[in-house]
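Colleague: Next one to model:
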Amino acid sequence: MGSSTSSIPESRSTGAAYTKKLYFDPNADSPEGYDYSITDAELRETLSELVDVTERIVEVRYYKHPLSSMQLTDGILHHAFIVFETNAWWWSIEKNDEGVTMQRSTDFDSVCEKYRRSDRQTSIGNGVEMVKKASGSTTVMELIDHLWEGDYLNQEYNFETYNCQHFADLIYEFI
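Modeller: Below you'll find the predicted structure:
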């Protein structure tokens, strides 16, 4: 099913098209490989086919970094994202005005220091900073179900009312 440009909602903060999709990279440490663009309707079935959904999340971490190279992380304005660990993988999940991104890798830096296989945009000497961490208490499938039941992919990004920090807070608390 094709879609016209007029049917794609725009973010109120930047005018960028919010996709209402999950970008999933199952091998974020690889320079090559597939990534997936998954709709809310496809979320549970597609991820169940791509990953071991029975994996238990053993730890969750909340990270932040400046929105640009000109900004300090001590400011209120920062990007927030979640990194979690299972016995086999490191994962990250985050939301911005494009949609929700989930990355998986055996290499921690590939999900913490990178976003969609590119270095995160941070200032020199003031990059990614861990804010807090806790033990996990859920499985990957429970997280996927939570994303679907909470309609997270369809909730449009809004700089003031529903941004990356709100999303990260909700995911951290759930895990």
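Colleague: For Gly136, which non-adjacent residue is closest in space?
Modeller: For Gly136, ignoring the flanking residues on the chain, the nearest one in space by Cβ to Cβ, 6 or more residues apart in numbering is Ile57 at 3.3 Å. For every residue, glycine as well, the C-beta is placed using N, CA and C.
Colleague: That neighbour - how many residues pack around it?
Modeller: When neighbours are counted by other Cβ atoms under 10 Å, Ile57 registers 21.
Colleague: What of Thr39?
Modeller: Counted with other Cβ under 10 Å, the neighbours of Thr39 add up to 13.
Colleague: swap in Ala41?
Modeller: Applying other Cβ under 10 Å, we find 11 other residues in the vicinity of Ala41.
Colleague: so where does it fall, helix or strand?
Modeller: In this structure, Ala41 sits in neither a helix nor a strand according to DSSP states H and E.
Colleague: wouldn't Met141 be in contact with Thr54 here?
Modeller: Yes - in this structure, Met141 is within contact of Thr54 by Cβ atoms under 8 Å, at 6.7 Å.
Colleague: And those two? Which one has more around it.
Modeller: With other Cβ under 10 Å as the criterion, Met141 and Thr54 differ in neighbour count, and Met141 comes out ahead with 16 against 9.
Colleague: How about residues contacting the helix or strand bottoming out on mean pLDDT in the chain?
Modeller: Across the helices and strands of the chain, mean confidence by mean pLDDT, DSSP states H and E is lowest for strand 118-119: a mean of 86. By Cβ atoms under 8 Å, 6 or more residues apart in numbering, the residues outside strand 118-119 that reach it are Glu113.
Colleague: quick one: strands adjacent to that strand?
Modeller: Based on DSSP bridges, the strands next to strand 118-119 in the sheet, each with its direction, are strand 114-115 (antiparallel).
Colleague: Show me the strands in this protein, by range?
Modeller: With DSSP state E as the criterion, the chain has strands at 21-25, 36-39, 56-66, 78-85, 90-95, 100-105, 114-115, 118-119, 129-139.
Colleague: Adding distance to Leu153, write those strands out as TSV.
Modeller: Formatted as TSV, the entries for the strands of the chain read as follows, by distance: least, Cβ to Cβ, whole Å:
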stretch	distance to Leu153
strand 21-25	6
strand 36-39	7
strand 56-66	20
strand 78-85	16
strand 90-95	9
strand 100-105	6
strand 114-115	18
strand 118-119	22
strand 129-139	19
